[in-house]
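**Student:** got a sequence here, can you model it:
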Amino acid sequence: MNVLDFGDIELPEGDMLELIFAKQQELIDKYHSIEEDRGALVVDPDMFGVLDHRFVQWRIKDLAYRTVEELSEATNCLKNKPWKQSEVLTDKEHYYEELIDAIHFLVELLITSGLDARSTALIYLKKNEVNKFRQRSNY
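**Tutor:** Numbers count the residues shown, from 1 in each chain. Below is the predicted model of the structure:
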């Protein structure tokens, strides 16, 4: 099953970043007991944000790896190379689906790190200001 198996989905009103974080939290809650039952090293959600804990760090590193893996899968959908004589059509749906898989793992990584949608947005906006300052100052 993939995204093509679903028709139009109506976006609810409200903050989309909050929605994404809430939906990912639902998946975390659902898969926690499944992973635990299968013998995976799981991190209790009460430990999310305890960055000095070795299991939390392990989980964060695992989620970072999974994010990179999904990004690699997405880039594998891009077949055109500078040296090729002909262009290959891109399977856009597959490409986008892999990017969204990466977002799933990235958002879970943020949640595991103790961030929610609001704190993520706040830190993002602060970092954006740093980047704009660096551009203005020719950093």
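**Student:** where do the helices of this structure begin and end?
**Tutor:** For the chain, the helices defined by DSSP state H cover 16-37, 54-75, 92-112, 117-136.
**Student:** select, out of those helices, the one closest to Gln85.
**Tutor:** helix 54-75 (21.2 Å; Cβ to Cβ). Where you see a C-beta, it was placed from the backbone N, CA and C, and this is true even at glycine.
**Student:** who are the packing partners of that closest one?
**Tutor:** helix 92-112 (3 or more Cβ pairs under 8 Å, 6 or more residues apart in numbering; DSSP states H and E).
**Student:** what's the spacing between the residue of the chain positioned farthest from its centre and Asp52?
**Tutor:** Distance from the centre of the chain peaks at Gln85, with 34.7 Å (Cα atoms, centre = their mean). From Gln85 over to Asp52 the distance is 54 Å, taken as Cβ to Cβ, to the nearest Å.
**Student:** mind listing what Gly49 touches?
**Tutor:** Val56, Thr112, Ser113, Gly114, Leu115 (Cβ atoms under 8 Å, 6 or more residues apart in numbering).
**Student:** my bad, Tyr139
**Tutor:** By Cβ under 8 Å, 6+ apart, Tyr139 lies in contact with Phe133.
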